[in-house]
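Trainee: I'd like to go over a predicted model; first the sequence, then the structure.
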Amino acid sequence: GVLNHLVAELLTLQAAVSSLVTDGLTVSMEGFTHLIPHAEGHEIIRQGRREMHLVRMTPDIIYDQLIGAGCATRLTFSWGGNPGVGSLHRFRDAVENAWPHVLEIEEHSHAGMATRYTAGASGLPFGVLRGYVGTDLPTRTTTITPIVCPFTGEQLTAVPALTPDVTVVHAQRADHDGNVQICGLVGIQKEALLAAKATIVTVEQIVDELPPTPGAIVIPGWALDAVCHVPDGAHPSFAMGYSDRDNAFYRAWDDISTSRDAFIEWINRHILATVDFAEYLRSIGHERGGARV
Amino acid sequence: GVLNHLVAELLTLQAAVSSLVTDGLTVSMEGFTHLIPHAEGHEIIRQGRREMHLVRMTPDIIYDQLIGAGCATRLTFSWGGNPGVGSLHRFRDAVENAWPHVLEIEEHSHAGMATRYTAGASGLPFGVLRGYVGTDLPTRTTTITPIVCPFTGEQLTAVPALTPDVTVVHAQRADHDGNVQICGLVGIQKEALLAAKATIVTVEQIVDELPPTPGAIVIPGWALDAVCHVPDGAHPSFAMGYSDRDNAFYRAWDDISTSRDAFIEWINRHILATVDFAEYLRSIGHERGGARV
Amino acid sequence: MNAAVRVSDQPHVAVATPPGRSAIDADDLMIVNAARCLGELAAAGRAVCFVGIGLPSTAANLARRLYQPAPVLVYESGCIGSKPTRLPLSIGDGELAETADAVVGVPEMFAYWLQAGRIDVGFLGGAQLDKYANINSTVIGSYDAPRTRLPGAGGAPEIAASAGQVMVIMRQTARAFVTRCDFRSSMGFGDGPGDRERLGLRGGGPTLVITDLGVLQPDPKSCELVMTSMHPGVTRDQCTAATGWPLRFADD
Amino acid sequence: MNAAVRVSDQPHVAVATPPGRSAIDADDLMIVNAARCLGELAAAGRAVCFVGIGLPSTAANLARRLYQPAPVLVYESGCIGSKPTRLPLSIGDGELAETADAVVGVPEMFAYWLQAGRIDVGFLGGAQLDKYANINSTVIGSYDAPRTRLPGAGGAPEIAASAGQVMVIMRQTARAFVTRCDFRSSMGFGDGPGDRERLGLRGGGPTLVITDLGVLQPDPKSCELVMTSMHPGVTRDQCTAATGWPLRFADD
């Protein structure tokens, strides 16, 4: 990693963000339906980052907040809704009305984004898929182009590797060497981490030894940069074994985010006026369940 | 699968081989250092298959036997030695002296073979890697060709997908629906199975329910064709949790296989004169350890 | 989260419920219809379903309870063979992972399972559908100056390309069933017969459009969606009025 | 099983032990030398090692016991961060998986870990080595009518291409240290300076050739392997006689 090659450093989230996430970077925060790194998103808003290129398959509430707070000028994504609820109003307001300013978008499909991260993690400049064919996406997205199989002559689609400056994910556990364990729906996190130039992982728990767990994957600490202990750091998303998805918050976000004023007030009160994620959780009246493993 | 779409059939190995493995097919038997499907190799020798195109990263003793027994006319591989011991004498005799007949070889690197299986499993006609560059392999192997990144102009290497007619692997457990669990070093088995038109999996044990196991992967039965209960079916390779690698056998194979006569006698006595793998194991005086889980 | 399943997630294109049909009835009818189709496919051994939350998940789970052999549920979040005991609220629901035969990462799900042709049935939905079953879940109005920005394509382009067949579930309205989609997020039959083959799509494409009024199916020759059945009490006029192109009926 | 590690697996090219050096001494010397180099790299924070069974595994495990920070052991069978308590007999040894921080599949190992440039040190060996540190582990004689068919390239081409640096461990004999390899299984410096860059190889290439007589290193300008140190009691004449090309010595 960039900070030290053979281990990941255990840092506060504040320190990790201030040392690794600067204005203008391309930042990916992944977690497909699970383990969405909300604490990290908040910290970036708190530290006032600007002109970021945000990358994420499903922008979700985490990027709705960052976009509405004016942190981003560009978004690469594949599906931008509030799952099970409806629109991402801040995302829509940015795309439809350029509020708070213009948001340039680079739009892909899920399969294309997965292929791009995989290429990045593999050290390849591009990936190949059977994708996008017959849709209007290639007419609007310049990072989609045909490629011909040199053996069969068949035409397929190429997409360039994603290599974020920083990738951020949330995970269940890390040990003191920064080895990180992700359990349950592992999504695209490993690829997003390994595709990045620098990485930050927030975790529910720091343990002496990672417990062997069915279905878990481990990313060695030497392949990571910063590990931060942030219990419930995925809220309103969840960490299997530690917390449940806060479906009520997802629904409540629809109201909070519909009007610019309500959104600004919410951001001021719950993110900018709090010092960290623990205080944020208290400010919204959220009780932590704690480890259930 | 070819036999029934929504489940894998539980068959005897004899029935699986006789229904799925016919002369002239391209057959992959995988297991990288672990879970090598020796019982299947023996059964193919017993049933007298001919003109097979054998595919495997590390031909190992399993293919030394098949090649020496005259089952194969073509071999696609990346490393053909007896690990920790030395030569594969039957493989060498075939390549150097065309005994028992000419063996056409298609030679790749490990990374290239892995890329080829992955392309096959992904339904793509080719895969891309940073590979083979500066070596003499592309001058001897026609299935290695340059490809240019459409975004950066960088030159990389393309290899065609491997799509065996049949892939065979050995695994620890299956349930009654044919869901297969592979634990420990999972190697290239998932890709080899998913790249194939038909599949056979031999297992140590059939269980009512697959026990959640750290580090295990499961292949759903509906993606497989035949599952066969063959305890210790990897011998002299091993199945983590069930058996240890029989290092003495690997060393003994060096003597058995050096001379054509000794090899023929061994094949006659231990494979052709036995009805199945259990009898083979008794014939070589091998005691089964049984499950140690 | 494929665009398929967000029938209820398309804001600003919500359909006013016409007299005589309640929203709940409409959803239930579509669910039961889809479940029945999945049961038939499962009986034929072809019912590995790629599902998301919403009506398709409900339909697939209903079919899993009703039919033997049961369809296999694959959720794009990475769960293969999930057997939830209650209806999941999101495709990230823990229950889906806990009851799955296998949980895989997102790249593997799209490459080894969907792209490789292992999915028999995909579900799609969206804000607009045209007579060749192309779907728009991206934008209403122009792309550069959208009237309504929708969530986007998600998993839809490759579901539409690679699933053995595609079932569309959408409420039928003249605003949604359009002559031409403002944006083509996923491909049905393109501009007509032969387009899928010409573009090398391996999946069979749309076979059924299940609506609150009945069922449309592509004409085998023209690929145009034709009304092949109507729910009891629904009239041809109702269907015609709820369709933006000159709708044909199968028994014409 | 990379070709790197099968120093003892190359039949018919075995080296007669010269007077005054026993086979065991030679191996031990090479192991200790390699371990010391790994210790230095670990101190500099650059010692993620791609190892196979044999001398490199022994050297890497020795270094892991001797030095803090310790090198990280990655086995191409899929084990990352293995900490075996006894020396493994094969790269498929259960102990390697059981003591690993992570176990991954073979495609991931080669793509995400080796190809992506996460390996600091790769080890190679073979039947022939030329003065530009290109290695042959494929065939002695012609490819079509081989005098000796060797195991083949295995993992070597991509280790040679992508590892941060490559250490070669081989016994030094005139038969093995040749002017030109019969077959180039893995690339060192090709035909000389600039070849690696021209071909776009991202790894640094060979940095050390550790033999039973001493150590060779590539000349920074010419890329030619030069004898940079000799074990106590070893003479220049011995080294020259054990090398098929006109060997240069670093202090010339």
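Mentor: On my side now, so go ahead.
Trainee: what about the helices in chain A?
Mentor: Applying DSSP state H to chain A gives helices spanning A:13-20, A:38-46, A:60-68, A:89-97, A:110-121, A:137-140, A:189-195, A:247-258, A:260-267, A:277-283.
Trainee: so for the second one, mean pLDDT?
Mentor: Read it as helix A:38-46. Average pLDDT, helix A:38-46: 98.
Trainee: tilt between that helix and helix A:13-20?
Mentor: On the basis of axes from the mean of the first three to the mean of the last three CA atoms, to 10 degrees, helix A:38-46 is oriented at 60 degrees to helix A:13-20.
Trainee: ok, now the fifth one?
Mentor: Taking the same axes, to 10 degrees, one finds helix A:110-121 and helix A:13-20 inclined to each other by 70 degrees.
Trainee: packing partners of helix A:110-121?
Mentor: strand A:126-129, strand A:155-160, helix A:189-195, helix C:106-108, helix C:156-162 (3 or more CB pairs under 8 Å, 6 or more residues apart in numbering or on different chains; DSSP states H and E). Glycine gets a C-beta too; all of them are placed from N, C-alpha and C.
Trainee: what's the burial count for the residue in the stretch 151-293 of chain A that chain C sits nearest to?
Mentor: Per CB to the nearest CB, residue A:188 is where the stretch 151-293 of chain A lies closest to chain C, at 4.4 Å. Counted with other CB atoms under 10 Å in any protein chain shown, residues neighbouring residue A:188 total 31.
Trainee: likewise the one 10 residues further on?
Mentor: Around residue A:198 sit 22 other residues, with neighbours defined as other CB under 10 Å.
Trainee: then residue A:177?
Mentor: 18.
Trainee: how about the secondary structure of the residue lying closest to residue C:223 once chain neighbours are set aside?
Mentor: Leaving aside its sequence neighbours, residue C:223 sits nearest to residue C:189 (CB to CB, 6 or more residues apart in numbering or on different chains; 3.8 Å). Classification of residue C:189 by DSSP: H, G, I helix; E, B strand; the rest coil places it in coil.
Trainee: hmm, residue C:205 and residue C:189 touching each other?
Mentor: Yes - assessed by CB atoms under 8 Å, residue C:189 is found in contact with residue C:205 at 6.1 Å.
Trainee: between these two, what contacts are shared?
Mentor: C:133, C:196, C:218 (CB atoms under 8 Å, 6 or more residues apart in numbering or on different chains).
Trainee: restrict those residues to those near chain A?
Mentor: Contacts with chain A within these, counted by CB under 8 Å from any CB of the partner chain: residue C:196.
Trainee: export the shared contacts of residue C:189 and residue C:205 to CSV and append columns for neighbour count, pLDDT and distance to residue A:257.
Mentor: Formatted as CSV, the shared contacts of residue C:189 and residue C:205 follow (neighbours: other CB atoms under 10 Å in any protein chain shown; pLDDT from 0 to 100; distance: CB to CB, whole Å):
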residue, neighbour count, pLDDT, distance to residue A:257
C:133, 26, 98, 33
C:196, 23, 97, 39
C:218, 22, 98, 39
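Trainee: which of the shared contacts of residue C:189 and residue C:205 fall in strands?
Mentor: Judged by DSSP state E, strands contain the following of those: residue C:218.
Trainee: which of the shared contacts of residue C:189 and residue C:205 lies closest to residue D:110?
Mentor: residue C:196 (35.3 Å; CB to CB).
Trainee: you'd agree that closest one is up against residue C:205?
Mentor: Yes - because the distance of 5.4 Å satisfies CB under 8 Å, residue C:196 is recorded as touching residue C:205.
Trainee: anything in contact with each of these two?
Mentor: With CB under 8 Å, 6+ apart as the test, residue C:196 and residue C:205 both reach C:187, C:189.
Trainee: for chain D, what's its nearest residue on the stretch 101-250 of chain A.
Mentor: Taking CB to the nearest CB, the stretch 101-250 of chain A has residue A:123 as its residue nearest chain D, at 3.6 Å.
Trainee: for residue A:96, what are its contacts?
Mentor: Counting by CB under 8 Å, 6+ apart, residue A:96 has contacts C:146-149.
Trainee: list buried residues within those.
Mentor: For the contacts of residue A:96, a burial check counting by 16 or more other CB atoms under 10 Å in any protein chain shown picks out C:146, C:148-149.
Trainee: how far away is the residue of the stretch 101-250 of chain A closest to chain D from residue B:130?
Mentor: 7 Å (CB to CB, to the nearest Å).
Trainee: the two: who's more crowded?
Mentor: Each of residue A:123 and residue B:130 has its neighbours counted (other CB under 10 Å); residue B:130 has more, 28 against 22.
Trainee: confidence score at that one?
Mentor: For residue B:130, the model assigns a pLDDT of 98.
Trainee: not counting sequence-adjacent ones, nearest residue to it?
Mentor: In space, residue B:130 comes closest to residue D:115 once its chain neighbours are excluded; the distance is 5.4 Å by CB to CB, 6+ apart.
Trainee: who touches that neighbour in this structure?
Mentor: So residue D:115 contacts A:122-124, B:111, B:129-131, D:158, D:162 (CB under 8 Å, 6+ apart).
Trainee: check residue A:71 too.
Mentor: With CB under 8 Å, 6+ apart, residue A:71 has these contacts: A:44-45, A:48-50, A:52, A:54.
Trainee: what's the closest of those residues to chain B?
Mentor: Closest to chain B out of the contacts of residue A:71 is residue A:54 (20.8 Å), distances taken as CB to the nearest CB.
Trainee: what residues sit buried inside stretch C:216-234?
Mentor: Buried residues in stretch C:216-234 (16+ other CB under 10 Å): C:216-219, C:223-228, C:230-231, C:234.
Trainee: count of residues packed around the residue of the stretch 51-200 of chain C found nearest chain B?
Mentor: Using CB to the nearest CB, the single residue of the stretch 51-200 of chain C nearest to chain B is residue C:116, 3.6 Å away. By the measure other CB under 10 Å, the count of residues near residue C:116 is 20.
Trainee: tell me who's in contact with the nearest residue to it once chain neighbours are set aside.
Mentor: Nearest-residue entry for residue C:116: residue B:123, 3.6 Å, with adjacent residues in sequence omitted and distances by CB to CB, 6+ apart. Listed by CB under 8 Å, 6+ apart, the contact partners of residue B:123 are A:130, C:111, C:115-117, C:162, C:202.
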